Structures are given as structure tokens and as C-alpha cells.
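Colleague: Sequence and predicted structure below; questions after.
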Amino acid sequence: MAIPLTETPADRCTAYRRLGWRVVLDGHDQIILPADPVHGIQVCSGLADLVLDMLRHSRIVTPIVDNVATRTRTFLTTSPKAGDTRKVALFPPTSTVQAIRTVTGSPIPLPTPGEDTRVWLDEPRPDCLADFELLVSFTLDAARATLHAA
């Protein structure tokens, strides 16, 4: 999705809606995607690099938001299975790696024109969302590799 320099937040919302996403503009002109049916897993930067490597190696394409301010990446995914009851945090707070998952309805901030704290690492494409369970599995595998190497 190439972004023209004159694009506005409303223009970007229109582009996201063409993908079938139910985005809204909040009171600060930030684009928010409520998690449903698109969900996400936000991963700390070091772990995110390993997850990204796994995705690329598997030739799986999914949109990825790089949050420059918090040094995290959000991998957008399909919905978790109905009745999924796992915790939001995938790891205990004392872990050296961190990842959280969305729950239905939770806000996912998306890159917005004029704002440089969130940018697309991999831009959205029609019908390209990684499977939620697969991304959780990649995240857990990457954490095991990171913790084992430490």
C-alpha cells in the first residue's frame, strides 16, 4: 500500500476499510482497529526479530506494525479460536521477553499519516493475515530459543 504524501487519516481509513477492516478515527485522529475479526500479537523487539525470521522462512506474509516509541512490533493475525481463554500476557512479568495478545474488541493502533511513532514494517495486503495460533506458536518458539541461548 503506497502512501501518497498528501494522504489524510480519513484517506488511510478508507484504504484500510477496502481491506475489510472496521477501523475508526479516535479523538486524536489516530486510526484504531478494534480486534475483531483482525487480531494481533505485540512482541518486544528482540523477540520480534526472531518471529519475523520464522515468518519469512515459512513464506508467511502478514501486516506488521513497528511501534518505534515502545520498541515493539504488532503482528496482525486472524482471530483466535472461539472460547480462547489464555491470558493477555503470553509470558510472566518477570520474563526477559514479553508478548501480549489482543482480546476481542481491544484497540489496535495502526500507522496514521502525520504520526511517526507507528510505521508499517510489512504493509497490509488483501487476504494476507497470519493464523493466530501459528503466530502464538512462533512467538513461544522464539522465546524458547532466546531464553535457551541466554
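Modeller: Looks like it arrived, so ask away. It should be emphasised that the depicted structure is a prediction, and the values quoted were computed from it without experimental measurement.
Colleague: tell me what the longest helix seen in the chain is packed against?
Modeller: Across the chain, the longest stretch assigned as helix under DSSP state H is helix 132-149. Secondary-structure packing of helix 132-149 (3 or more Cβ pairs under 8 Å, 6 or more residues apart in numbering; DSSP states H and E): strand 39-44, helix 45-58, strand 72-77, strand 99-101. C-beta coordinates here come from the backbone N, C-alpha and C atoms, glycine included.
Colleague: and the residue lying closest to Thr146 once chain neighbours are set aside, how many neighbours does it have?
Modeller: Of all residues not flanking Thr146 in the chain, Val97 sits nearest, at 5.6 Å (Cβ to Cβ, 6 or more residues apart in numbering). A count of nearby residues for Val97, using other Cβ atoms under 10 Å, gives 20.
Colleague: I'd guessed Val97 sits against Arg144; true?
Modeller: No - at 9.6 Å, Val97 does not count as touching Arg144 under the criterion of Cβ atoms under 8 Å.
Colleague: Identify all contacting residues around stretch 116-129.
Modeller: Residues from elsewhere that reach stretch 116-129 (Cβ atoms under 8 Å, 6 or more residues apart in numbering): 1, 16, 19, 21, 38, 52, 61-69, 73, 76-78, 109-112.
Colleague: Stretch 94-103 too?
Modeller: Taking Cβ under 8 Å, 6+ apart as the rule, stretch 94-103 contacts 35, 39-44, 46-47, 80, 86, 88-91, 108, 132, 136, 139, 142-143, 146-147, 150.
Colleague: Flag every buried residue along stretch 14-21.
Modeller: 16, 19, 21 (16 or more other Cβ atoms under 10 Å).
Colleague: Got the phi and psi for the closest residue to Ala35 other than its chain neighbours?
Modeller: Distance criterion Cβ to Cβ, 6+ apart; nearest residue to Ala35, sequence neighbours excluded, is Thr102 at 3.8 Å. Torsion angles at Thr102 (phi, psi; degrees, to the nearest 10) stand at phi -80, psi 160.
Colleague: next one: Ile108
Modeller: phi -110, psi 110.
Colleague: Pull the contacting residues for Ile31.
Modeller: 9, 12-13, 16, 23-25, 109-112.
Colleague: The same query, at a cut-off of 7 Å, please.
Modeller: 9, 12-13, 16, 23, 25, 110, 112 (Cβ atoms under 7 Å, 6 or more residues apart in numbering).
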